[in-house]
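Undergrad: dropping the sequence and predicted coords here.
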Amino acid sequence: MILPIHRQVHSAITDAVQRAFGLTEIPPFTVETPPNRALGDLAVTVAFQLARALRKAPRMIAQEIANALAPIPGIAQVTAAPTGYLNFFLERKPFVVDRVTGRAIAAPVDEGKVVVEHTAINPNKAAHIGHLRNATLGDTLVRVLRFRGTPVETQNYIDDMGVQVADVIVGFKEFEQKGVADVQHIAETTRFDYYCWDLYSKVTHWYDADKTHAAVRAQALHDLEHGGTEVSEMGTVIVDHIVRAHLKTMARLNIGYDLLTYEGDIIRLKFWAHCFETLKAQGAVFLQTEGKLAGCWVMRIDDGRDAEPAVAGEEKDEEAREKVIVRSNGVVTYVGKDIANQFWKFGLLGRDFNYRKFALQDGDRQLWATTTAEGEKSGVPSFGGATRIYNVIDSRQMYLQALLAQALRTLDHPKQAENSIHFSYEMVALSHSTAQKLGYPADAEADRKPFVEVSGRKGLGVKVDDLLDVLESTAKAEVARRNPEFTPDECQRVAEQIAVGAIRYFMLKFSRGKLIVFDMDEALSFEGETGPYLQYAVVRANNIFNKLQQRDGVSEADVLASLDAAMLDELAPSDDPDAHDLWALVYEASRLDDIVEQTVRALEFSLLAKYAFGLAQLFNAFYHRYPILNEENVDRRRWRAAGVAYFRAQLTRALDLMGIDVPGRM
RNA sequence: GCGCCCGUAGCUCAGGUGGAUAGAGCACCGGCCUUCUAAGCCGGGGGUCCCGAGUUCGAAUCUCGGCGGGCGCACCA
C-alpha cells in the first residue's frame, strides 16, 4: 500500500512550497512513480509548474523546496534532480517490514452505495462472447469498487418482455407447433440455452422468408406483455430456464449478482405508469400529433444543438431528434422502461419491488429477484437507493444511455444525472479465421471488413460455454502432462481455474474503447501476456514456501516474525536501473492501491491487468536471479522469502480483483 | 449529414489529470532445464507514435483541421 505515503509527501510539499515562496495558491500536482528505482521511489513535478510564476529555473526551485522540506516519516532522502524533478527515496527496511507484516492498511473510501448493472443478456439464447466482455468488465468493476471500500450492489436486468423472447416463443408455437408443456419438457431434458440459440436463428430466417410473419411477432409481443395467455406462460418458462443457464455459465467465470431485476415487474408494479405520469406532468414527454410519429409519446433529444438558428430543412431534422417512448399502439418501448428502472435505482420513484429468493450462488451468496407477487416478508436487503450508478453496456447504446441522464435532468435531478454513468466499451467481433472455423457462411461483402460481427439473431458467435470447454480441455491436457500424480478431479479443477484466468485476463487486457477481434488461437494461448502466466508466477512463489516448510520446517509466519532482527544488505540500493532486486519487487507490489485508484478514475481495467503482468514479470526475473532455498546466508534468505511472500499476497489480490483464482499447483 | 470510438514495431496491443532514454506480448534470430516447475529467464534485430498546424520550458498524450477504419442516429433492445 503506497497511497498513505503519497499523501504524506503531498502535504509536506504543499507546506514547504508555501513557506519557501510565500505562496498561498499552489498549482495541483501529483506524486508520481519514477521509471526506475535508481532515480527514486517517488517523484514530484511541482517545480516545473512553479517555474513560470516564480521566474526561476525548475532545478533551482526543486532545490529550494528540498531545503525547506521538513522531515517526512518513512522518507530517507530527497534530491533535486538536474532536470527539475524532486525525487524521494524511501526508508527501505521499515517500509518492507510494514508491508510484509500487513501493518500498512489502506483507509476505506467513504462514499454512498453504488449500483452496477451488468450482463443483462436477453433471456432467449445462450450467452456468447460479446456478453462475456460485458460480464467480465462489470464483475471486475464490482470487485475493484469493493476493494477500495465502496458498498456495491450488483444488478442483472432481465428483459423478459422484449421482442427477443417473443421471437423464441413464436419459434416454439408457430414454427415448431409446441405448447407450454412441450417447452417445459424440452427445457428440462436438453441443453436449453443452446436449443433456443438454434431456434432463434431459425425464426429469424422464417421472418425473412415471409413479410407477413411480422404480424405474428407483433401479436406475440403484445400477448407477452398482457399476461394470462399461453404466450406469457410460455415466456415465463423460457425466461426462467434461460436465466438459470446464464447464471450457471457466469458462475463458471466467478461472476455473481445480488439482484435480478425483471422488466415484467416494472410493468406490472406500475413503475412505468407512475413514471410516465411524472414525465408527462413535467413536459419531459409529449404526444406527437403529426408526421410519421403521430400518436406516439416522444421525448425530444437534447444534443446541444437547440441553440442553433433555424435554417432551411431544419424542420425535418427536428423530427429526427425525437425518441419514441410510448408507441402509437400504447406499448412502452425499452427506453421508457429503462427510465423507470433508473429512477428506481436512485430511489426517486417512491415505489419498490417485492422480492423473492432466487438461488444460492457459490454455496452461500443469496441471489434475489424482483417479483410482482407478495415476496419475502423479512430478511430482504434494501435494494436500490444508490448515489451512483454504472450501467455496463457497449458503446452502441450510448445514445439511449444519454437519454436516461437527460430524463433525470429534465425532472430536476441534476446530481443523479451526473452520477448516471454509462460504462461503455467497444464490441467483440470475430477474426475471419475463427469465423471460418465456426462454419460461417462466406459473404463477399462481409469478407472485405477487417472482422466478422457476432450476431445472436443469426446464430453467429462463439458461445461462452463452448469457449470455456475448449480452454478447459486444452489446459487439462497440459496440467495432466506436468503433474502425473494429479487425480482426474484435481486436473479438472486446476484446468477450470486456468481457463477462467485465460479468458478473463484476455477480456481485461485491452482498453475498453478498443474493439476486440476475437481469435481462437490467440485466446487459447497460455504463454506470454496471459492469465496463466500470472497464475504461474504465484504458483512458483507458493512452491518456495511449500518447500521451505517441508525442508526446514519454516512457515511464512516464521519468516516474517524473524525479519526485524535480520540484516539489511539485501535491500541496499543498486546503481543498476534494470536490477530486478528485492526492493524493486516489494516496491512494485506495494503499488496495488495506487493502481486501483487510477483504474477506478479512468474506468480502465487494462491498467490493472498490465500492472499485474508487470509485477509477475518482475517476480519471474527475480526468481531466476536470486535463489531462496539454496541461499546459504540465513538473513538473505529471510529477506528474499519475505519479499516473495508480499509479492504473492499482492498479486493474488490483483488477480482476485480480476476474478481470477490461483491454483495450488499447475 | 451529425455524434461517439479507434489509428504507436511485421502482427495484437499498453502507454495516470502533458514530464526523465517510446514499452509489452506474439512472430523471427541466438543462448539457458544435474540448482525453488522452461506456462519460465537472458540477449538481439525491428518505430516518420496516420498527416498538418497550434498551446507549452516540454506533446504519443491537450486544442483545431484533415485522412483512413469502426459503430450509432428504428414505433429493436
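TA: That came in fine, so what should we check first?
Undergrad: how much space between A:Tyr157 and A:Thr136?
TA: When distances are taken as CB to CB, to the nearest Å, A:Tyr157 and A:Thr136 turn out to be 17 Å apart. The C-beta positions use only the backbone N, C-alpha and C, and glycine is treated the same way.
Undergrad: give me the more crowded residue out of the two.
TA: The residue with more neighbours, out of A:Tyr157 and A:Thr136, is A:Thr136; 27 against 21, by other CB atoms under 10 Å.
Undergrad: what about the helices in the stretch 151-300 of chain A?
TA: In the stretch 151-300 of chain A, helices defined by DSSP state H, counting those that start in this stretch lie at A:163-170, A:180-189, A:192-209, A:213-226, A:230-252, A:263-268, A:271-281, listed in chain order.
Undergrad: state the distance from A:Arg648 to A:Asp558.
TA: Spatial separation of A:Arg648 from A:Asp558 under the definition CB to CB is 16 Å.
Undergrad: brain fart, A:His422
TA: Following CB to CB, the distance that separates A:His422 from A:Asp558 is 51 Å.
Undergrad: compare those two (neighbour count), which wins?
TA: For A:His422 and A:Asp558, the more surrounded residue by other CB under 10 Å is A:His422, and the numbers stand at 19 against 15.
Undergrad: and the more buried one, backbone torsions?
TA: phi -80, psi 110 (degrees, to the nearest 10).
Undergrad: who in the stretch 201-350 of chain A is up against RNA strand B?
TA: In this structure, the stretch 201-350 of chain A approaches RNA strand B at residues A:263, A:292-296, A:303, A:305, A:320-321, A:323-324, A:327-329, A:331, A:333-335, judged by CB under 7 Å from any atom of the strand.
Undergrad: show me which of the residues you listed are buried.
TA: Neighbour counting by 16 or more other CB atoms under 10 Å classes A:263, A:293, A:296, A:323-324, A:333, A:335 among these as buried.
Undergrad: tell me the pLDDT of the nearest residue to A:Val634 once chain neighbours are set aside.
TA: Counting by CB to CB, 6 or more residues apart in numbering, the nearest residue to A:Val634 once its immediate chain neighbours are dropped is A:Ala566, at 8.0 Å. pLDDT, A:Ala566: 73.
Undergrad: A:Glu308 now?
TA: Here, the pLDDT recorded for A:Glu308 equals 36.
Undergrad: and if you look at A:Leu571?
TA: Turning to A:Leu571, the model gives it a pLDDT of 83.
Undergrad: could you measure from it over to A:Ala584?
TA: Summarising the geometry, the distance separating A:Leu571 from A:Ala584, computed by CB to CB, is 10 Å.
Undergrad: can you check A:Leu247 too?
TA: Spatial separation of A:Leu247 from A:Ala584 under the definition CB to CB is 43 Å.
Undergrad: over to A:Ala38?
TA: To A:Ala584, A:Ala38 is 10 Å away according to CB to CB.
Undergrad: between those two, tell me which one has more neighbours.
TA: Between A:Ala38 and A:Ala584, counting by other CB under 10 Å, A:Ala584 is the more crowded of the two (21 against 14).
Undergrad: and that one, what is it in contact with?
TA: Contact analysis of A:Ala584 by CB atoms under 8 Å, 6 or more residues apart in numbering lists A:36-37, A:618, A:622.
Undergrad: kindly recompute the last result at 6 Å.
TA: Contacts of A:Ala584 were listed using CB atoms under 6 Å, 6 or more residues apart in numbering, and they are A:Arg37.
Undergrad: neighbours around the closest residue to RNA strand B within chain A, how many?
TA: In chain A, the residue that lies nearest RNA strand B is A:Gly528 (2.1 Å; CB to the nearest atom of the strand). The number of residues packed around A:Gly528, counting by other CB under 10 Å, is 8.
Undergrad: quick check, pLDDT for A:Ala38.
TA: What the model reports for A:Ala38 is a pLDDT of 87.
Undergrad: let me fix that, I meant to ask about A:Arg217.
TA: Value for A:Arg217, per-residue pLDDT: 89.
Undergrad: do A:Asn483 as well
TA: Listed pLDDT for A:Asn483 reads 94.
Undergrad: next: A:Ala312.
TA: The model reports A:Ala312 with a pLDDT of 37.
Undergrad: looking at the residues of the stretch 201-350 of chain A next to RNA strand B, which are in strands?
TA: The strands in this structure, assigned by DSSP state E, contain A:323-324 from these.
Undergrad: pLDDT below threshold where in the stretch 101-250 of chain A?
TA: Counting by pLDDT under 70, the ranges of the stretch 101-250 of chain A that qualify are A:104-108.
Undergrad: do the same with chain A
TA: Within chain A, the ranges that satisfy pLDDT under 70 run A:104-108, A:303-320, A:444-445, A:575-580.
Undergrad: can I see the domain layout of it?
TA: Segmentation of chain A into domains, based on automatic domain parsing, reads A:3-90, A:429-524, A:531-657.
Undergrad: and the end-to-end length of the longest one?
TA: Domain A:531-657 has an end-to-end distance of 13 Å (CA to CA, to the nearest Å).
Undergrad: hmm, that domain touching RNA strand B?
TA: Yes. With CB under 7 Å from any atom of the strand as the criterion, RNA strand B is reached by domain A:531-657 at A:532-533, A:536, A:539-540, A:543-544, A:547, A:577-578, A:580, A:594, A:598, A:602, A:604, A:606-607, A:610, A:613, A:617, A:620-621, A:623-630.
Undergrad: what helix or strand is the residue of chain A closest to RNA strand B on?
TA: In this structure, A:Gly528 sits in neither a helix nor a strand according to DSSP states H and E.
Undergrad: also the one 4 residues further on?
TA: Applying DSSP H and E as the criterion places A:Pro532 in helix A:531-552.
Undergrad: that helix packs against which elements?
TA: helix A:488-508, helix A:605-625, helix A:634-657 (3 or more CB pairs under 6 Å, 6 or more residues apart in numbering; DSSP states H and E).
Undergrad: a markdown table for these, including distance to A:Gln436 and mean neighbour count?
TA: Formatted as a markdown table, the entries for the helices and strands packed on helix A:531-552 read as follows, by distance: least, CB to CB, whole Å; neighbours: other CB atoms under 10 Å:
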| stretch | distance to A:Gln436 | mean neighbour count |
| --- | --- | --- |
| helix A:488-508 | 20 | 22 |
| helix A:605-625 | 29 | 19 |
| helix A:634-657 | 34 | 22 |
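Undergrad: understood, closing this out.
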